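1. Have a look; sequence and predicted model below, questions after that.
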Amino acid sequence: MTQPEPAQTRHTADSITSDALDALYREIDTLRAVCDSNKRAYVGAVKHAWEVEERAKQAEAALNAVRAELDALNSQTAGLNPYAMAGRRDAVARVRAALDAHTNPKDQPT
């Protein structure tokens, strides 16, 4: 049967050596550096996520503006002959289909 490893000796003010104290301070400095690095990485990730969310909101607003304009074009028929009206409706339908084909289906209202 193997012997259990001895527990790490806990230093006291009377038993710690200068070298052991220096090693503890180096470990503290290392841990602080790791914490600072992690904090910078976290802040950078949060900033990036916020920027991506803002760009997504802007893109969604632009798509909504285009769809609203398509609705307006579809409803403005005064003064158009039947051929022009059919051409406009066809163009509106094609643009709307292109938008819908490139928009995530989960974002579409059901």
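-> On my side now, so go ahead. Numbering: from 1, shown residues only.
2. okay, CA-based contacts and neighbour counts for the rest of this
-> Noted.
3. Tell me how many other residues surround residue 92.
-> Residues near residue 92, counting by other CA atoms under 10 Å, number 19.
4. buried residues in the helix or strand containing it?
-> Taking DSSP states H and E as the definition, one finds residue 92 inside helix 82-101. By neighbour count on 16 or more other CA atoms under 10 Å, the buried set for helix 82-101 is 85, 88, 89, 92.
5. ok, of those, which one's closest to residue 25?
-> Distance ranking of the buried residues of helix 82-101 against residue 25, using CA to CA, places residue 92 first at 70.3 Å.
6. which residues sit against the helix holding residue 92?
-> Helix 82-101 is contacted by residues 63, 67, 70, 73, 74, 77 when judged by CA atoms under 8 Å, 6 or more residues apart in numbering.
7. distance of the residue nearest to the spatial centre of the chain from residue 33?
-> Nearest to the mean C-alpha position of the chain, by CA atoms, centre = their mean, lies residue 49 at 3.1 Å. Residue 49 is 24 Å from residue 33, where distance means CA to CA, to the nearest Å.
8. which of the contacts of helix 82-101 count as buried?
-> Neighbour counting by 16+ other CA under 10 Å classes 67, 70, 74 among these as buried.
9. tell me the average confidence for the host helix or strand of residue 61?
-> Element membership for residue 61 (DSSP H and E) is helix 18-75. Averaging pLDDT along helix 18-75 gives 94.
10. Show me what it packs onto, helices and strands only.
-> Where contact means 3 or more CA pairs under 8 Å, 6 or more residues apart in numbering; DSSP states H and E, helix 18-75 is packed against helix 82-101.
11. and the helix it packs on, how far out from the chain's middle?
-> A distance of 34 Å separates the C-alpha centroid of helix 82-101 from that of its chain, computed with CA atoms, centre = their mean, to the nearest Å.
12. repeat for stretch 94-104
-> 24 Å.
13. just to revisit the earlier point, quick one, the helix holding residue 61 and helix 82-101 angle?
-> 160 degrees (axes from the mean of the first three to the mean of the last three CA atoms, to 10 degrees).
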